[in-house]
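Trainee: here is my input, please return the structure:
(chains A and B, ligands or ions: 1)
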Amino acid sequence: MDFNDTAAEAEFRAKVKAWLAEAAAEYLQPPAKPWALEDFVTRSKAWQLKKFEAGYVGITWPKAIGGQGLTPMHQIIFNQEESRTFVPTGLYSIGLGMCIPTVFTHGSPEIAARYVPKALRGEEVWCQLFSEPVAGSDLASIRTKAVKDGDEWVINGQKVWTSFAHKSDFGIVVTRTDFDAPKHKGLTMFIVDMHAPGMEVRPIKQMSGGSDFNEVFFTDVRVKDTHRLGEVGEGWKVSLTTLMHERLAVGGKPRNAPGYQTLLNVANSLETDTGPAIQQTDVRNRIADTYIADEGIRLTQMRALSALSRGQIPGPEQSISKVVVAKTLQDMSAFALDLAESAGFAVEPGSDLEKLQGSYMWSAGLRIAGGTDEILRNIIAERVLGLPGDLRPDKDTPFSQLKPL
Amino acid sequence: MNFDLSDDAKTLKEAARKFLDARAGPSAARKVMDSGQTHDAKLWAEVVEQGWPAARVPEAHGGLGLGADEACVLAEEIGRSLAPVPLMSTLSAIEALLIAGSAAQQAEWLPKLASGEAVGVIAWAEGPNSPLQTPATKLEGGKLSGRKSPVIDGLVATVAIVTIATPDGPAMAIASLEGVTREKQDTLDLVRPSATLSFAGTPAEGLGTAADWVKLTERLAVLSAWEALGTADAARDMTVAYAKDRVAFGQRIGRYQGVKHKLADMFIKAELARAHALHGCWAWEADAPELAQAASAARVASLDALAFTAEESVQLHGGIGFTWEQDCQFYYRRNRLLAALIGSRAHWSDRLVRALEQRNRAAA
Ligand SMILES: Cc1cc2nc3c(=O)[nH]c(=O)nc-3n(C[C@H](O)[C@H](O)[C@H](O)COP(=O)(O)OP(=O)(O)OC[C@H]3O[C@@H](n4cnc5c(N)ncnc54)[C@H](O)[C@@H]3O)c2cc1C
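Mentor: Modelled structure (predicted):
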């Protein structure tokens, strides 16, 4: 076993490091205060273009569509080095991580040629229009309706929780095109223009205060049949491509998120009724537990990487990542805030505790986004351990005749 | 990067699995329990024939000269099969000699341990202490005096690594157990019997320094983590099979999320522990400064995985799980043996944080 790069990997890493030192010079320290949304978008676009021009976008994608044709190892090395900086990230993770792979896997070559290059350059931002008020975990129950009209489709309905829809130019949308087929069989996927007539995006304020996600209303929105992804009625299959990429994308611990080291620092700085916090058994136990979860996930990813670098498919252990990361972050943040007594409750901008207050708030969303804790446990139990699936009484009935039990 | 067991270790693991599947497992464990034997002598002879005790012994001493990876996969398979043989104790004693033995001590003991002529144990426990608390046992003028209990596999062992008080803290001595008084000490594990060893002027030699003992405990933490992982996986596999079979309210119980999510949690805890166990194995093999941190994490994570799995396995079997006849008890009981083997969860949790603090100080 060794944690060292191969000679070729080391060379690539050195190249990336040298490039980042210069290109990301203004991002070597965390921002003094979080960027406002507009500022974040402007900075994200500029950074994406820089990366594109240097050849660090679409690292694993085929050269034919504008990617670099390199291996997952190259991507990981780039991510590792980039994550040592504080460059703006997130605006493109849904588009490049999930939407565009769906576009080039299921769209025609003309469609890929139209959309992929601009997405790579960061000129066009994409969003994922899947969840609806009535359907999140149970994605196949969506109701947004698409009806064929000549060589166009007309879409009506509503999506919700669409991250960055208000900053997006395009989206991929799952619709129902056949209400008389069972729920998984009547779906079709399209590319939609977020600025098309009939599209309305309304930001939703999150419980954490910001507005990263939105409601999206479709009123007679017209889409050309050329912008269909996959066959009519095959939308479920197509969405699985997206979700597969989603699970890869939201795997590890979010960049710059607090971890066991944060808790250690907090404990070192605080007194309790019975002496320094760091000397309390329960505090030390919690630091150990947080280390085990944080580092356990990092090391689990190393296992996956080792498989990838040998050209093998990572084992099922990858599936544990998000369930562990999100809940650990929530528990650790709450524990650290408790340690600080009422100072953990009062908000002081710029303090270490403020960061933990932030992670306490957004970890609640992380436990839901991209598959809830419960759904992920189901997936582990059913796909990894081979347990029988939940009973699904709605599986074979025409969608239009479904009644909840 | 190559964060995975070596191919040789994986091959050995496969072979060990096949070998033990045919010979060990809960029913073999039950036979030893029912008969009151100290171990399964026939299986031990076959294990010796496989060369497993010789795994880590250098070729010059009649061994195979294999790495930490191989020791870890053997531990995992012994854990999985509950094999009633003193292999883990013997591998532990060998590790002590590899870390701390003089040339003469290695020459005297390693060939015997490799060939199965000698069976080794680690004798450190003296009641409610931790492996880093100074024991009462003393080595004076080449004579050992004190009482160690419980010594796991102590009824079958022929040589013991014994912890002794020194001015620097606990250190080790090595003593042949010929003529030493031993009594059976009942414990919660009924498959690997323990003994009380009473040393009264027993001839012994000092073995290395106090720091060597600390290092040995770290390697044993890694080794025990792999053993615990194997045991946890076996308990989970058994329970998953039961959940796919048992019917309640017209459904396989494995369809209920109250059941399947517990099984998913067993998997999650085991995979977290496996990542740390691999890290520990790497640090051991590389003799890396991260060993203290990696070994502590491996031990705590694996004990958590095993405790959760062993306890919930009984629960998910329902009434039958609580019977003497059902096999859940072996995992439930082995969980206590492994928890007590080389320092408790609380002990290692604290050592983990100390290792992190030390690392941070070094970096500052
Ligand atoms: C921050 C954030 C960003 C998001 N971004 C996007 C986005 O960009 N695009 C997009 O399409 N969606 C997005 N989502 C939506 C997200 O995918 C859904 O919220 C999620 O899949 C859960 O669906 P739901 O909200 O409808 O909850 P529900 O599915 O109604 O779940 C409610 C509760 O019931 C539980 N539950 C549901 N089904 C089961 C079951 N079978 N077994 C056990 N428990 C069950 C859930 O675990 C949950 O606890 C985002 C969500 C968040 C929080």
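Trainee: ok, for residue 17, nearest residue in space, not its chain neighbours?
Mentor: Using chain A. Closest residue in space to residue A:17, ignoring its immediate chain neighbours: residue A:81 at 5.6 Å, by Cβ to Cβ, 6 or more residues apart in numbering or on different chains. In this view, the C-beta of every residue, glycine as well, is placed from N, C-alpha and C.
Trainee: was after chain B, sorry
Mentor: The nearest residue in space to residue B:17 (Cβ to Cβ, 6+ apart) is residue B:77, at 5.5 Å.
Trainee: residue B:95 now?
Mentor: With sequence-adjacent residues excluded and distances taken as Cβ to Cβ, 6+ apart, residue B:95 is closest to residue B:219, at 5.3 Å.
Trainee: the one you found: neighbouring residues, count only.
Mentor: A count of neighbours around residue B:219, defined by other Cβ atoms under 10 Å in any protein chain shown, yields 24.
Trainee: how far away is it from chain A?
Mentor: The gap separating residue B:219 from chain A is 15 Å, by Cβ to the nearest Cβ, to the nearest Å.
Trainee: wait, what's in contact with that residue?
Mentor: Residue B:219 is in contact with B:68, B:95, B:99, B:284, B:291, B:295, counting by Cβ atoms under 8 Å, 6 or more residues apart in numbering or on different chains.
Trainee: returning to that earlier point: hang on, the residue nearest to residue A:17 packs against residue A:18?
Mentor: No - under the contact definition of Cβ atoms under 8 Å, residue A:81 does not touch residue A:18, with a separation of 9.9 Å.
Trainee: looking at those two, which one has more neighbours?
Mentor: Residue environment comparison for residue A:81 versus residue A:18 gives the larger neighbour count to residue A:81, 21 against 11, counting by other Cβ under 10 Å.
Trainee: just the element for residue 19, please.
Mentor: Defaulting to chain A. Residue A:19 is located in helix A:7-23, with elements delineated by DSSP states H and E.
Trainee: the chain in question should be chain B.
Mentor: Using DSSP H and E, residue B:19 maps to helix B:7-23.
Trainee: now do that helix: everything it contacts.
Mentor: Under Cβ under 8 Å, 6+ apart, the answer for helix B:7-23 is B:5, B:43, B:46, B:50, B:52, B:66-67, B:69-70, B:72-74, B:76-78, B:80-81, B:83.
Trainee: near the ligand, from the residues you listed?
Mentor: Near the ligand, taking Cβ under 6 Å from any ligand atom as the test, no member of the contacts of helix B:7-23 is found.
Trainee: of these, keep whichever come out buried.
Mentor: For these, a burial check counting by 16 or more other Cβ atoms under 10 Å in any protein chain shown picks out B:5, B:43, B:50, B:52, B:66-67, B:69-70, B:72-74, B:76-78, B:80-81, B:83.
Trainee: phi, psi of residue 116?
Mentor: In the absence of a named chain, chain A is used. Here the main-chain torsion angles of residue A:116 (degrees, to the nearest 10) amount to phi -60, psi -50.
Trainee: again, but for the one 10 residues further on
Mentor: Note on residue A:126: backbone dihedrals following degrees, to the nearest 10 are phi -120, psi 150.
Trainee: can you check the one 3 residues further on too?
Mentor: Per-residue torsions, residue A:129: phi -100, psi 80 (degrees, to the nearest 10).
Trainee: wait, it sits on residue A:171?
Mentor: Yes - assessed by Cβ under 8 Å, residue A:129 is found in contact with residue A:171 at 4.5 Å.
Trainee: neighbour count: these two, which is higher?
Mentor: Neighbours were tallied for residue A:129 and for residue A:171 using other Cβ under 10 Å; the higher tally belongs to residue A:129 (32 against 26).
Trainee: got a list of what that one touches?
Mentor: If you count contacts by Cβ under 8 Å, 6+ apart, residue A:129 has them with A:159, A:162, A:165, A:171, A:172, A:173, A:174, A:192, A:216.
Trainee: find the nearest non-adjacent residue to it, please.
Mentor: residue A:173 (3.9 Å).
Trainee: specify the angle between the longest helix along chain B and helix B:7-23 in degrees.
Mentor: Looking across chain B with DSSP state H, the single longest helix is helix B:210-245. Orientation note: helix B:210-245 sits at an angle of 60 degrees relative to helix B:7-23 (axes from the mean of the first three to the mean of the last three Cα atoms, to 10 degrees).
Trainee: ok, and for helix B:210-245, which residues are buried?
Mentor: B:210, B:212-236, B:238-240, B:242-243.
Trainee: need the next SSE after that helix, C-terminal direction.
Mentor: strand B:247-248.
Trainee: helices or strands up against that next one?
Mentor: Contacting strand B:247-248 under the criterion 3 or more Cβ pairs under 8 Å, 6 or more residues apart in numbering or on different chains; DSSP states H and E is no other helix or strand.
Trainee: the strands in chain B, which residues?
Mentor: All strands of chain B, identified by DSSP state E, fall at B:120-123, B:138-140, B:143-152, B:159-164, B:171-176, B:181-185, B:194-203, B:205-207, B:247-248, B:251-252.
Trainee: ok, now how distant is residue A:207 from residue A:263?
Mentor: Separation of residue A:207 from residue A:263 (Cβ to Cβ, to the nearest Å) stands at 23 Å.
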